[in-house]
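A.B. asks: Sequence and predicted structure, then a few things I'm wondering about:
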Amino acid sequence: MRRETLAALGLAALPLPGGGALASGGGAAGGEGLHLVSMEEVTVPIIDSDRVNGALTFKLVIDAGSDETAKKVTGEMPVLRSATIAAGLEFARLNASALRAVDAQRLDHDLTAALKAAEPGLVRILIVEVEARTG
């Protein structure tokens, strides 16, 4: 948005989300900023009473914390994806249903724990999209 539009809406003085942080280092001094690595969409089955009752689909972004960890995470993506699928399957088995909202906070906790076990250097996992549907 243009500055004039923001001023007309009374939003010109509001701080930007993230404090103006730059993605992937973005030229910030000393390597500061966000170092984000996206993962392809993951879909796991929701199994209830020995049959597939739907699918849980989610997209993640990994906050690597530093440029070198981001490079390491990118190189280890198959291992991290495997850990993500395993944690997603366990979450879907125990906590998901195609007929109710996904507990994104619990999913975030489970995925963060699994991925930090696979790569201790990462900061956190950001769930950017989550959906449970019948199938």
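C.D. replies: Everything's here; your move.

A.B. asks: For the single longest helix found in the chain, which outside residues touch it?
C.D. replies: For the chain, the helix with the greatest residue count under DSSP state H is helix 77-95. Helix 77-95 is touched from outside by 37, 39-40, 42, 44-47, 56, 58, 60, 62, 73, 103, 106-107, 110-111, 113-115, 117-119, with contacts defined as Cβ atoms under 8 Å, 6 or more residues apart in numbering. (C-beta placed from N, C-alpha, C; glycine too.)

A.B. asks: Inside strands: which ones of those?
C.D. replies: Judged by DSSP state E, these include 37, 39-40, 42, 44-47, 56, 58, 60, 62 as members of strands.

A.B. asks: Pull out the buried residues from the residues you listed.
C.D. replies: Buried members of the ones in strands among the contacts of helix 77-95, scored by 16 or more other Cβ atoms under 10 Å, are 37, 39, 42, 44-46, 56, 58, 60, 62.

A.B. asks: Could you report the pLDDT at residue 27?
C.D. replies: According to the prediction, residue 27 has pLDDT 41.

A.B. asks: Please apply the same query to the one 5 residues further on.
C.D. replies: The predicted local confidence for residue 32 comes out at a pLDDT of 65.
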